[in-house]
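[1] How does the following fold in three dimensions:
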Amino acid sequence: MKIEILEKEGEDKLSFVVRGISPQFANSIRRAMIAEVPVMAIDDVYIIENTSVMYDEVLAHRLGLIPLKTDLDSYVLPEECECKSETGCSRCSAILVLDVEGTGEGVTTVYSGDLKPHESNPDVKPVSDKIPIVKLAPGQRIRLEAYARLGTGKKHAKWSPVTRCVYKYYPVVEVDESRCDGCGICVDVCHRDVFEVRDGKAYVKNQLRCDLCGECVSRCPHDALKAEWEKNSLIFFVETTGALPAWRVVVEAFRVLAKKCEIFLSQLGELGVV
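    Numbering: from 1, shown residues only. Just a heads-up that it's a prediction; the model follows:
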């Protein structure tokens with residue numbers, strides 16, 4: 001297996017090529033990134049005061065969907081923690097506090113930035129300060145404590161670390177110069193801007209953008225184009241919620257798969273198969 005980074009945009013977006021991998025195994029990696037890499041999310045909300053127009057249950061649900069910065073090295077999953085406490089401990093739980101009141105004559109919008117981390121866990125905080133939660137009229141107030149825990153997307157989507165996690169075949173696009181007359185039809189029909197015409201000939205300028213729709217091949221009047229895919233080579237596109245860097249999500253997904261394989265081999269050994 002060989003991995004090549006194609007593009008990295010900040011900490012949250014990553015695209016890379018994996019060679020020597022089957023689509024079946026690639027799909028296992030994709031599913032692990034979506035559903036089995038743990039991140040922090042609000043799981044319990046203790047509402048002290050809520051005089052807004054929003055029901056407690058709806059408010060708690062909105063809080064649970066706010067992505068939180070996650071430190072996987074400092075926390076463990078609740079089921080793996082020795083405390084076995086309902087509210088958790090410092091190893092498996094983080095506390096955030098919301099204490100806001102509508103002021104002035106107009107409407108006050110409460111944002112995720114108003115959700116403050118407790119001094120015991122200052123690094124567990126909303127990824128963005130600009131997520132609207134609720135609007136308060138003058139005099140209305142919300143006071144609550146929210147408990148965040150690690151979890152995985154297979155239990156609830158709020159614990160999924162990615163917003164985009166897909167792969168496609170590595171495209172191989174070729175132009176037969178002996179047949180091409182530079183008519184430009186391939187440029188006109190390609191919605192991915194793969195081709196360009198120079199000096200009376202069509203050329204491939206951005207092969208990796210091709211999504212193998214086949215429109216250029218079917219519309220070429222001279223049968224000068226070929227669009228295929230490279231066997232066992234796939235391009236991954238990963239974009240996270242901001243809870244974890246994209247590279248960390250990929251690494252943790254491989255760790256999850258490795259652990260599953262170890263358990264599987266161990267169970268086969270107990271059965272005397274290996």
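[2] give the contact list for the residue positioned nearest the centre of the chain.
    Averaging the C-alpha coordinates of the chain gives a centre point, and the residue nearest to it by C-alpha atoms, centre = their mean is Val162 (1.2 Å). Going by C-beta atoms under 8 Å, 6 or more residues apart in numbering, Val162 touches 33-34, 238-241, 249. (Each C-beta comes from the backbone N, C-alpha and C, glycine too.)
[3] same deal with Ile263?
    With the criterion set at C-beta under 8 Å, 6+ apart, Ile263 makes contact with nothing.
[4] ok so, going back, any idea which of the contacts of Val162 has the most stuff around it?
    The most crowded member of these, judged by other C-beta atoms under 10 Å, is Thr240 (28 neighbours).
[5] So that one is in contact with Val127, correct?
    No - judged on C-beta atoms under 8 Å, Thr240 makes no contact with Val127 at a distance of 9.2 Å.
[6] Hmm, Leu59 is touching Thr51, no?
    No - assessed by C-beta under 8 Å, Leu59 is found out of contact with Thr51, at 11.6 Å.
[7] from the middle of its chain, how far away would the longest strand along the chain be?
    Of all the elements of type strand in the chain, the one with the most residues (DSSP state E) is strand 225-240. Distance, stretch centre to chain centre, for strand 225-240: 19 Å (C-alpha atoms, centre = their mean, to the nearest Å).
[8] How about stretch 131-147?
    The chain centroid and the centroid of stretch 131-147 are separated by 28 Å under C-alpha atoms, centre = their mean.
[9] Do me a favour and average the pLDDT over it.
    Averaged over stretch 131-147, pLDDT sits at 96.
[10] Could you list the buried residues of that stretch?
    The neighbour-count check on stretch 131-147 (16 or more other C-beta atoms under 10 Å) flags 131, 133-134, 136, 140, 142, 144-147 as buried.
[11] For the protein, which segments are assigned as strands?
    Applying DSSP E to the chain gives strands spanning 2-9, 13-19, 39-50, 94-101, 108-111, 116-117, 132-136, 141-151, 162-175, 195-198, 201-204, 225-240.
[12] Format these as TSV; extra columns: distance to Ile185.
    Formatted as TSV, those follow (distance: least, C-beta to C-beta, whole Å):
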stretch	distance to Ile185
strand 2-9	28
strand 13-19	29
strand 39-50	47
strand 94-101	57
strand 108-111	51
strand 116-117	58
strand 132-136	48
strand 141-151	51
strand 162-175	12
strand 195-198	9
strand 201-204	9
strand 225-240	10
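[13] now this protein, which segments are flagged as low pLDDT?
    Counting by pLDDT under 70, the ranges of the chain that qualify are 274.
[14] nearest spatial neighbour of Ile47, skipping sequence neighbours?
    With C-beta to C-beta, 6 or more residues apart in numbering as the criterion, Ile47 has its nearest non-adjacent residue at 4.6 Å, and that residue is Leu144.
[15] isn't the one you found right up against Tyr46?
    Yes - here Leu144 lies in contact with Tyr46, judged by C-beta under 8 Å, at a distance of 6.3 Å.
[16] Got the domain ranges for this protein?
    The chain breaks down into these domains under automatic domain parsing: 2-36+164-237, 39-158.
[17] would you list these in a markdown table and tack on distance to Phe264?
    Shown next, in a markdown table, are the domains of the chain (distance: least, C-beta to C-beta, whole Å):
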| stretch | distance to Phe264 |
| --- | --- |
| domain 2-36+164-237 | 12 |
| domain 39-158 | 18 |
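[18] Okay, Val97 and Tyr147: tell me how far apart.
    To Tyr147, Val97 is 11 Å away according to C-beta to C-beta, to the nearest Å.
[19] To clarify, my last question referred to Glu86.
    Note on Glu86: its distance to Tyr147, by C-beta to C-beta, is 9 Å.
[20] what do you get for Lys231?
    As judged by C-beta to C-beta, Lys231 and Tyr147 stand 49 Å apart.
[21] same thing with Lys205?
    Remark: distance between Lys205 and Tyr147 (C-beta to C-beta) = 52 Å.
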